[in-house]
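A.B. asks: Okay, here's the prediction I keep looking at, along with the sequence it came from:
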Amino acid sequence: MKVWVLVGLGIVTAVYAVEEVLRVQGRHTPLVSRFTLRMSRPSESRRFIAAPIFLSLGIMLALSIYPRNIAYASICVVALGDPVAGFVGRRFGHNHVGRKTLEGFVAGWIVAFLSTLIFVSAVTGVIGSMAGMLMELSGFLDDNLTLPLACGAAMFMVNVLALTPL
């Protein structure tokens, strides 16, 4: 099953990349162009938008590296915590940490933590979601790629150090 998910994500990512190159060259494609432009910031509309590719790579790497429950929890953090952090930060954020806000970080972390509870223990989830959201707050590279990797690494280490079964 995991192989099919990875193959599917790889195909979708490749199609997106090709269509995005065509969009930047002025050849709008009906499948991706409209969706990409709707989801992007106005400042991004004239250049190649790589965030979906980084998100797909982050998810594929998490699925490939970590045990299933940790991979799924990491995906929840990037899929739910990261967008909530961005929304709350833009809408209600006043206390900036670099280009991010403390309010966005806290909101994203709460949602991220709660989403991990479906797959991992509370201790594992609190540490993993905190690691992921700290990666998001840091602005290091593209958080769509680094967040699931950092989150998964932290959760994996919690389980290894606690000698709990994965």
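C.D. replies: Done, it's in. Quick caveat, the model's predicted, so the values are computed rather than measured.

A.B. asks: May I see the buried residues of stretch 65-73?
C.D. replies: Neighbour-count burial for stretch 65-73, counted by 16 or more other CB atoms under 10 Å, picks out 66, 67, 69, 70, 71, 72, 73. (Each C-beta comes from the backbone N, C-alpha and C, glycine too.)

A.B. asks: I'd assumed residue 160 was in a helix, is it?
C.D. replies: Yes. Assessed by DSSP: H, G, I helix; E, B strand; the rest coil, residue 160 belongs to a helix.

A.B. asks: who touches it in this structure?
C.D. replies: Residues near residue 160 by CB atoms under 8 Å, 6 or more residues apart in numbering: none.

A.B. asks: Tell me how far it lies from residue 89.
C.D. replies: In this view, residue 160 and residue 89 are 33 Å apart by CB to CB, to the nearest Å.

A.B. asks: same question, residue 31
C.D. replies: 30 Å.

A.B. asks: Give me the more crowded residue out of the two.
C.D. replies: Of the pair residue 31 and residue 89, residue 89 is the one with more neighbours under other CB atoms under 10 Å, namely 25 against 10.

A.B. asks: In space, what's closest to the more buried one - neighbours in sequence excluded?
C.D. replies: Excluding the flanking residues, the one nearest residue 89 by CB to CB, 6 or more residues apart in numbering is residue 104, at 2.5 Å.

A.B. asks: how about the one helix or strand that neighbour maps to: buried residues?
C.D. replies: Using DSSP states H and E, residue 104 sits in helix 102-116. Of the residues in helix 102-116, 103-113, 115-116 count as buried by neighbour count, 16+ other CB under 10 Å.

A.B. asks: any idea which helix or strand carries residue 31?
C.D. replies: Per DSSP H and E, there is no helix or strand for residue 31.

A.B. asks: need the contact list for it.
C.D. replies: Contacts of residue 31 by CB under 8 Å, 6+ apart are 15, 19.

A.B. asks: again, only using 7 Å
C.D. replies: Residues in contact with residue 31 (CB atoms under 7 Å, 6 or more residues apart in numbering) are residue 19.

A.B. asks: still on that earlier bit, in terms of secondary structure, what does the helix or strand just after the helix holding residue 104 contact?
C.D. replies: Note on helix 102-116: by DSSP H and E, the next helix or strand toward the C-terminus is helix 122-138. Contact analysis of helix 122-138 by 3 or more CB pairs under 7 Å, 6 or more residues apart in numbering; DSSP states H and E lists helix 68-76, helix 82-92, helix 102-116, helix 143-161 as its packing neighbours.
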